[in-house]
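Engineer: fold the following and give me the result.
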Amino acid sequence: MINKIAASVADALVNIQNGATVMIGGFGTAGIPTELIDGLIAQGAKDLTVVNNNAGNGDTGLAALLKAGRVRKIICSFPRQTDSQVFDGLYRSGKLELELVPQGNLAERIRAAGAGIGAFFTPTGFGTELATGKECREINGRNYVLEHPIYGDVALIKAERGDRWGNLMYRMAARNFGPVMATACKKTVATVHEISELGEINPEHIVTPGIFVHQIVKIERQATQAGGFRKDA
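Structural biologist: Got it, this is the predicted structure:
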């Protein structure tokens with residue numbers, strides 16, 4: 001019987017190796033799998049390459065992983081914001097490598113990995129420092145830059161609902177990079193707030209089919225200081 005429900009976050013993350021490339025879903029603070037990031041810190045893997053849209057906010061989530069000294073390199077499109085002090089300090093001191101990728105290119109490079117595309121040409125970045133050392137070509141009178149897929153060892157994503165086969169639904173914009181990251185990695189672990197029986201989820205509502213998901217973990221919603229629940233939780 002196929003059952004991808006893990007008993008705990010620790011059980012789901014036990015085999016992540018040092019030096020792994022870890023894709024972490026989220027856009028700013030929306031859709032961040034905080035429990036999985038905390039579990040990764042506790043698990044102890046180090047020398048990681050992390051792929052995310054951002055480079056952490058405040059001192060929690062991805063920022064906490066950076067602060068713990070577990071990340072060697074981060075690939076992202078928006079590393080700096082008003083509360084990115086952890087990233088700023090590590091990068092300025094030379095303790096963290098950064099690969100800056102325009103947001104559309106980041107999404108497409110991840111999607112290309114999952115779709116089996118060897119490389120693709122894009123106009124984004126042409127004529128800038130981001131194109132340095134890359135093949136450029138003129139196609140139909142427009143200049144393009146060759147970009148390659150980003151492959152991952154593990155994807156950590158946050159979903160709203162799933163079943164024991166690993167089929168996933170997301171909550172509105174909290175899906176962001178989750179679906180493409182799930183296709184681009186050797187292993188995908190997802191948190192969900194609800195676990196449904198097989199057949200309860202309308203097939204038309206499944207965004208990430210279970211074939212791309214290896215384990216899911218049920219977590220509780222997090223209450224806010226105001227007494228409600230986080231909208232992206």
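
Engineer: what's the following helix or strand after the helix or strand A113 falls within?
Structural biologist: Applying DSSP states H and E as the criterion places A113 in helix 103-115. Note on helix 103-115: by DSSP H and E, the next helix or strand toward the C-terminus is strand 120-122.

Engineer: relative to the whole chain's centre, how far out is that following strand?
Structural biologist: 22 Å (Cα atoms, centre = their mean, to the nearest Å).

Engineer: and what of stretch 150-157?
Structural biologist: Chain-centre distance of stretch 150-157: 7 Å, with Cα atoms, centre = their mean.

Engineer: contacting residues around it?
Structural biologist: Counting contacts by Cβ atoms under 8 Å, 6 or more residues apart in numbering, the residues outside stretch 150-157 that touch it are 16-17, 20-25, 31, 33, 36-37, 40, 51, 75, 106, 109-110, 112-113, 168, 177-178, 181-182, 184-191, 208. For glycine as for every other residue, the C-beta is placed from the backbone atoms N, C-alpha and C.

Engineer: now do 7 Å
Structural biologist: Here stretch 150-157 makes contact (Cβ atoms under 7 Å, 6 or more residues apart in numbering) with 16, 20-25, 33, 36-37, 51, 75, 109-110, 113, 178, 181-182, 184-190.

Engineer: if I pick the residue lying closest to F27 once chain neighbours are set aside, what's in contact with it?
Structural biologist: Nearest in space to F27, with sequence neighbours left out and distances taken as Cβ to Cβ, 6 or more residues apart in numbering, is N176 at 4.1 Å. Going by Cβ under 7 Å, 6+ apart, N176 touches G25, G26, F27, A30, G31.

Engineer: which of those residues sit farthest apart?
Structural biologist: Greatest spatial distance in these: G25 and A30, 9.5 Å, computed using Cβ to Cβ.

Engineer: need the per-residue pLDDT for E147.
Structural biologist: If you check E147, the pLDDT there is 97.

Engineer: show me what it is bridged to.
Structural biologist: Legend: beta-bridge partners of E147 under DSSP bridges are F120.

Engineer: what do you get for R142?
Structural biologist: In this entry, R142 is beta-bridged to I139, by DSSP bridges.
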